[in-house]
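J.: what's the 3D shape of this:
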Amino acid sequence: MRRLPRPHNLTILLPGALLTLLAGAMCLWPPSLAVSLEGKIYDSFLRSVPHRPVADSVTVVDLDEASLESLGQWPWPRYRVARLLEKIREGGAAAVGLDMVFAEPDRTSLGLLSGEIRRDLGASIGLAGLPPEALYTDQALAETLAGGPFVLGYQFDFDASRGESCVLHPLRAAVRSGGGADGAATFFDAPGVVCNLPVLAQAAGSSGFFNVAPDPDGVLRRVPLVIRHRGILYPNLALAVYLRARGGDVGLETGPEGVEALLLEGRRIPLDRRGNLLVNYRGRRHTFPHLSAAALLEGTADPAALKGKMVILGTTAAGLKEIRTTPLESTQPGVEIQATVMDNLLTGDPIAMPRWARGLQIILVLVPGFLLTALLARSRAIWGLAAVIPSIAGIWLGSYWLLAHRQVFLPPLLPVSTLLLVFLLLTSLRFLQADREVRERTRKLALTQGAIIQSLAALAETRHHETGGHIQRTRHYLRVLAKRLQDHPRFRHYLEDAAIDLLFRLAPLHDIGKVGVPDQILLKPGQLTPEEFEEMKRHTLYGSETIRLAKSLLGEESFLQMADEIALSHHERWDGTGYPRGLKEDEIPIPGRLMAVADVYDAIIHDRGYQVALSHEEAVRVMLEERGTHFDPDALDAFLEVQEEFRQIAVRFRGSGAGVAPEPPAGS
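T.: Numbers count the residues shown, from 1 in each chain. Presented below is the predicted three-dimensional model:
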């Protein structure tokens, strides 16, 4: 058997290639939706990969709920902060970062407070005998800070230009350009800053910003390590603490698209083009060791927990609103994020998205996309599916493996989406093409069937010149009757639209067997003798044999099966007295029962050589008398309901002649 033609290759290749190229362009200029979805995939991967244990070098001193409950609400008097810092220093901390800012003088300082009371109320407070640290708390804190090793925190303001008198500590780093424009120009540029009191900043001698910038979906995945302010680069608080504790040379590596990496003690820390570190989170809350600030002040904490550690002082108390959403935790305290950044700098394993990863992503979009397009243009969809499933699994698992074992995130969204969309688009196009081809073959088959039917019907017309009009009228009668019965419980299973259409086209073959009847019988103007009538009745068998011969060539399920039933059974009677087989009631095929109504009606209302035509009303009366004997009762009832349409059909095709129905001899 000849195989079906393949779809036109160009109509498959062109859409597949264009869709693949579009996906490749989206790798270079990703839309916001793709960026958001890639972020969700990244979060899912990061939650499921094995997490490296934290380095035993970072500790959090926590202004926790217990500390606030024991020592009062925040902010505390700065002499108390100074005492806390002294406790941390005595514990042997290598460096201490303060995840807070002291932007204004301490209102609890008694020296300042007494001056305000004297100004506002005209009263004096006796301060004699009070310790100096209570009188001037900012000075007390400055003296503690001067003893080191402390790093103050501050926050850049990107909305307003302020902080001209601030004392900040720049990042002393060599910038190594990798070509192209000034890569350092891509750093975040802040016009203003909210900083510490100058007396405190000068005393500390080191500081760093604690700005963080969540992604548009509110999840904090990246933390800026360097920000530009008035043309000078400044370090993040975690980086400043690291440098205070470890020292060493610092450099920045830039490329054509912007910042690429931080060079720290000979190690390369990957950054994005804006100077952000993609944080490799270690776990959920309290992943790092925590010491309560109150426990340190009260002397109940283990001082060995701070020995040689880099310490970050901040709060996990929910009321102070230092809470962020991260890939691993919906409520991660900001101080723990700073601790995580320090740990990433220590171990040198933050997540990277290097330039080569984008190139590999484009390759994973274009190459599989083009190969799948070529495959679907030449092969069945099942082979495309067999290629798509392992490809998607390989890309997805490969991306996961890179993140888990190489700390490199290669977004799998666009490569996987490209394969899925190319497969769905091209298989849909193939389906539409195949559907058009099937409909075209069906149309041609219908034309072929019509030609076969007309050719066979023409045989009958060559034997009797009055057959043509009879064919036209009976086929239209048959369609009207079938449509009336379409919803009838006894007929609805059979009379679908396609079956009614086929009945209409096959009706002309009901008298095809008359080509086998001798002319002296077929064209006899008078009544037939009993012997002649028996021969005339054989036209049903001749017609069936002719159709079955054609049917044997086309197959048992061919459209001619219905034609065989029409030709063989349209002279059967409901009471079993018909011919050729004497079938009765539901033994008679439905096409034969309906054709009997149409054939008899047309024979009655037209002249025959032995009988004058009757009027429509008389024909209806005659047929009604045959209800339940000659005709299926339900079929005749339907005829009575559409008799006016029968009359109109007879008028429309009047003058074409009537078929010669075999007439039994007189008295039979």
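
J.: Run through the residues that contact residue 507.
T.: Residues near residue 507 by Cβ atoms under 8 Å, 6 or more residues apart in numbering: 471, 474-475, 478, 566, 595, 598. All C-beta atoms are positioned from the backbone trio N, CA, C, and that covers glycine.

J.: Same question for residue 407.
T.: Residue 407 neighbours (Cβ under 8 Å, 6+ apart): 280, 349-352.

J.: From those, pick the one nearest residue 143.
T.: Taking Cβ to Cβ as the measure, residue 350 is the one of these closest to residue 143, at 36.8 Å.

J.: And the residue nearest the centre of this protein?
T.: Computing the C-alpha centroid of the chain and ranking residues by Cα atoms, centre = their mean puts residue 417 first, at 8.6 Å.

J.: thinking again about what came up before, output the contacts of residue 407 in JSON lines; the columns should cover neighbour count and pLDDT.
T.: Shown next, in JSON lines, are the contacts of residue 407 (neighbours: other Cβ atoms under 10 Å; pLDDT from 0 to 100):
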{"residue": "280", "neighbour count": "20", "pLDDT": "93"}
{"residue": "349", "neighbour count": "16", "pLDDT": "89"}
{"residue": "350", "neighbour count": "23", "pLDDT": "92"}
{"residue": "351", "neighbour count": "21", "pLDDT": "92"}
{"residue": "352", "neighbour count": "22", "pLDDT": "92"}
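
J.: for the residues you listed, which one is nearest residue 190?
T.: When the contacts of residue 407 are compared for distance to residue 190 (Cβ to Cβ), residue 350 wins out at 22.6 Å.

J.: I'd say residue 71 and residue 294 touch.
T.: Yes: in terms of Cβ atoms under 8 Å, residue 71 counts as a neighbour of residue 294; the distance is 5.8 Å.

J.: higher neighbour count, the two?
T.: The neighbour comparison of residue 71 against residue 294 (other Cβ atoms under 10 Å) goes to residue 294, with 20 against 17.

J.: Excluding residues flanking it in the chain, which one is nearest the more buried one?
T.: Once flanking residues are discounted, residue 294 sits nearest to residue 67: 3.9 Å by Cβ to Cβ, 6 or more residues apart in numbering.

J.: returning to that earlier point: take the contacts of residue 407 and lay them out in a markdown table including secondary structure.
T.: Formatted as a markdown table, the contacts of residue 407 follow (DSSP: H, G, I helix; E, B strand; the rest coil):
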| residue | secondary structure |
| --- | --- |
| 280 | coil |
| 349 | coil |
| 350 | coil |
| 351 | strand |
| 352 | strand |
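
J.: Residue 59: what secondary structure?
T.: Using three-state DSSP, the structure places residue 59 in strand.

J.: For it, name its beta-bridge partners.
T.: Beta bridges link residue 59 to residue 311, judged by DSSP bridges.

J.: quick one: the helices in the stretch 151-300 of the chain?
T.: 198-204, 237-246, 293-298 (DSSP state H, counting those that start in this stretch).

J.: okay, those, which one's buried deepest?
T.: Of all the helices of the stretch 151-300 of the chain, helix 237-246 carries the top mean neighbour count, a mean of 26, counting by mean count of other Cβ atoms under 10 Å.

J.: quick check: mean pLDDT across that one?
T.: Average pLDDT, helix 237-246: 94.

J.: which stretches of the stretch 401-550 of the chain form helices?
T.: Ranges of helices in the stretch 401-550 of the chain, per DSSP H, counting those that start in this stretch, are 413-463, 467-484, 497-506, 519-522, 530-537, 539-554.

J.: tilt between the second one and helix 497-506?
T.: Between the axes of helix 467-484 and helix 497-506, defined by axes from the mean of the first three to the mean of the last three Cα atoms, to 10 degrees, the angle is 170 degrees.

J.: by contact count, what packs against helix 467-484?
T.: Secondary-structure packing of helix 467-484 (3 or more Cβ pairs under 8 Å, 6 or more residues apart in numbering; DSSP states H and E): helix 413-463, helix 497-506, helix 590-604, helix 633-641, helix 643-652.

J.: Quick check: closest non-adjacent residue to residue 315.
T.: Closest residue to residue 315 apart from its sequence neighbours, by Cβ to Cβ, 6+ apart: residue 63 at 4.0 Å.

J.: Spit out the contact partners of the one you found.
T.: Per Cβ under 8 Å, 6+ apart, neighbours of residue 63: 74, 293, 313-317, 320.

J.: Any chance of a markdown table for these, columns pLDDT, secondary structure and distance to residue 88?
T.: Conversion of these to a markdown table gives the following (pLDDT from 0 to 100; DSSP: H, G, I helix; E, B strand; the rest coil; distance: Cβ to Cβ, whole Å):
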| residue | pLDDT | secondary structure | distance to residue 88 |
| --- | --- | --- | --- |
| 74 | 88 | coil | 17 |
| 293 | 93 | helix | 9 |
| 313 | 95 | strand | 7 |
| 314 | 93 | strand | 13 |
| 315 | 90 | coil | 15 |
| 316 | 87 | coil | 17 |
| 317 | 84 | coil | 19 |
| 320 | 70 | helix | 19 |
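
J.: Is it correct that residue 419 is in contact with residue 368?
T.: Yes: judged on Cβ under 8 Å, residue 419 makes contact with residue 368 at a distance of 5.7 Å.

J.: The two: which is more packed in?
T.: More crowded of residue 419 and residue 368, by other Cβ under 10 Å: residue 419, with 25 against 22.

J.: Mind splitting this structure into its structural domains?
T.: Domain assignment for the chain by automatic domain parsing gives 10-37+355-435, 53-169+192-245+279-347, 465-652.

J.: got the ones you listed as a markdown table, with distance to residue 176 columns?
T.: Conversion of the domains of the chain to a markdown table gives the following (distance: least, Cβ to Cβ, whole Å):
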| stretch | distance to residue 176 |
| --- | --- |
| domain 10-37+355-435 | 16 |
| domain 53-169+192-245+279-347 | 13 |
| domain 465-652 | 78 |
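
J.: and residue 516, how many neighbours does it have?
T.: Neighbours of residue 516 under the rule other Cβ under 10 Å: 17.

J.: Show the contacting residues for it.
T.: Contacts of residue 516 by Cβ under 8 Å, 6+ apart are 538-539, 542, 546.

J.: try 6 Å
T.: Neighbouring residues of residue 516 by Cβ atoms under 6 Å, 6 or more residues apart in numbering: residue 542.

J.: after the helix or strand bottoming out on mean pLDDT in the chain comes which helix or strand?
T.: None of the helices or strands of the chain scores lower by mean pLDDT, DSSP states H and E than helix 110-121, at a mean of 69. Using DSSP states H and E, the helix or strand that follows helix 110-121 in sequence is helix 132-135.

J.: From the contact counts, what lies against that next one?
T.: The helices and strands touching helix 132-135, judged by 3 or more Cβ pairs under 6 Å, 6 or more residues apart in numbering; DSSP states H and E, are helix 110-121.

J.: repeat that with 8 Å
T.: Packing partners of helix 132-135 (3+ Cβ pairs under 8 Å, 6+ apart): helix 78-90, helix 110-121, helix 137-146.

J.: how about the last one: buried residues?
T.: By 16 or more other Cβ atoms under 10 Å, the buried positions in helix 137-146 come out as 137-145.

J.: Is it possible to get CSV of the contacts of residue 507 that adds neighbour count?
T.: Shown next, in CSV, are the contacts of residue 507 (neighbours: other Cβ atoms under 10 Å):
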residue, neighbour count
471, 24
474, 27
475, 22
478, 23
566, 29
595, 29
598, 27
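
J.: what's near enough to touch residue 366?
T.: Taking Cβ under 8 Å, 6+ apart as the criterion, residue 366 is in contact with 20-21, 24.
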